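Undergrad: sequence below, structure please.
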Amino acid sequence: MPALTALARDDRSARVLLSMIDAPGNVTTGNLLAEVGAAELISIAEGDGTVPGMDRVEAAVWRDRLLSAATPDLLAERIVEASKFRVIIPSDPDWPTSLNDLGARAPYALWAKGRTELLAEPLPQRITVTGARAATSYGAHVTDELCGDLAQDGRTLVAGAAYGIEASAHRAALIRDANTIAVLASGVDRPYPAGHADLIDRIAREGLVLSEVPPSVAPTRQRFIDRSRILAALSSAIIIVEAGSRSGSLHTATEAAQLGRLVGAVPGPVTSAASTGTNLLLQSGHARVITDGADIARILEGEANAPARSVIRAGAPHTSPKSRVL
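TA: Numbers count the residues shown, from 1 in each chain. A predicted model of the protein is given here:
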C-alpha cells in the first residue's frame, strides 16, 4: 500500500494530511476535493493515473507540488503530534457552515482550542473586528466602545489576536465576559505574536482559538493573507476601525465583499496615517460609516441596506457581482 494512502485512513486523517502537504486555499486541490473526497484525493496524488479536471501537464505539476513536501515518516510523526489537538472537519456538527461560502478555497480542516460550540452559532451572531497593528489611542478607545456594545448585544467578536485593534477587540470581549474567537496564522500551539501568549491562552480558556494550519507551524506573510478569507467568512459583518493605506485589513474587507458580507469602517482624523485606509474606503463608497455600536446593530437587523458594491484592495480595483457593503 502506498505510504501516503496508508496515512489517509479516512476523511479526517486525509484532511489532516492534506493540510500538511498543500497550501491553504488552493483552488485546484479544493475543486478535486469536492469531487472525489479527501482520502481518494490522496490516493490520486500518489498514483500515476489521470486526475479529474486536469490534463497531463497540470496533473504532473499538481502532484509534484503536493509530493515535494510528502516525507511519509516525518508526516506520520506530525500526525501523531497533531492528534493531541482537536480537529474539526466539514462533517462535524461544530464546523462553521459559513466557511463553505469559500467554495474551493475552504479550509481542509480547522484546529481548535476552546469552545467549538461558538462555531455552530447562527452567522449573524459573529462579527469580525480588525484594523491597524500600530493603533492609536483613538483607535483603541473606539474599538473598546464598539466591542463593548456588541458584547452587550450578545455578539461573538472575531479577530486575529494581533497587536493594536484586534487585541483591543478580544480584550473588550473578555472584560465583559462575552464570547470571542481568535483566528491564528500559526499553529494553535504556537501563539503569535509571542507578546500575546497570555491573551491567546485566555481566549482558549474562555472563548476559542482556531487555525487552518497544523500545530507547530510558524506564521508567514502568505499565511496572514490566507487567514483573511477565514476572518471574512466566519462573520456576518467585518468592521475596520483603523487601517493604513496598505493594511492587511483592507484585504480582509475585499474578501468580505466577495463573499457578500457586510463591511463597515470607522472614520478617523484626516491627519492620521492609521486612518488613511478606512477613510479611503468610506470616501470611495466601499464601506459604510460606523460611529458606534448602534450603527452596527441597525445594519445587522436589516434596517439599512446598501446597493451591491465591491471593496477594493489597496492600490488595485476589484469588482465582484456577489459583493455588498454596509
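Undergrad: in the stretch 151-300 of the chain, where is pLDDT below threshold?
TA: Scanning the stretch 151-300 of the chain for pLDDT under 70 picks out no residues.
Undergrad: distance of residue 17 from residue 81?
TA: Computed as CB to CB, to the nearest Å, the residue 17 to residue 81 distance reads 13 Å. (Glycine included, C-beta is placed from N, CA and C.)
Undergrad: revised request: answer the last question for residue 15.
TA: Remark: distance between residue 15 and residue 81 (CB to CB) = 16 Å.
Undergrad: quick one, which of residue 17 and residue 81 is more surrounded?
TA: A count of neighbours by other CB atoms under 10 Å puts residue 17 above the other of residue 17 and residue 81, at 31 against 13.
Undergrad: which stretches of this protein form strands?
TA: Using DSSP state E, the strands of the chain run over residues 86-88, 110-114, 126-130, 156-159, 180-183, 208-211, 237-240, 262-265, 288-289.
Undergrad: residue 289: neighbour count?
TA: Residue 289 has 13 neighbours, counted by other CB under 10 Å.
Undergrad: what bridges to it?
TA: As for beta bridges, residue 289 partners with residue 265 under DSSP bridges.
Undergrad: so what's it up against?
TA: The contact partners of residue 289, by CB atoms under 8 Å, 6 or more residues apart in numbering, come to 264, 265, 266, 267, 282, 295.
Undergrad: farthest-apart pair in those residues, please.
TA: In the contacts of residue 289, two members sit farther apart than any others by CB to CB. They are 282 and 295, at 12.6 Å.
Undergrad: mind listing the shared neighbours of these two?
TA: 288, 289.
Undergrad: state the distance from the closest residue to residue 31 other than its chain neighbours to residue 229.
TA: Of all residues not flanking residue 31 in the chain, residue 104 sits nearest, at 4.8 Å (CB to CB, 6 or more residues apart in numbering). Remark: distance between residue 104 and residue 229 (CB to CB) = 11 Å.
Undergrad: more crowded one of those two?
TA: Per other CB under 10 Å, whichever of residue 104 and residue 229 has more neighbours is residue 229, with 25 against 14.
Undergrad: just give the closest residue to the more buried one, not the sequence neighbours.
TA: Residue 229's closest residue in space is residue 255 (CB to CB, 6+ apart), at 4.7 Å.
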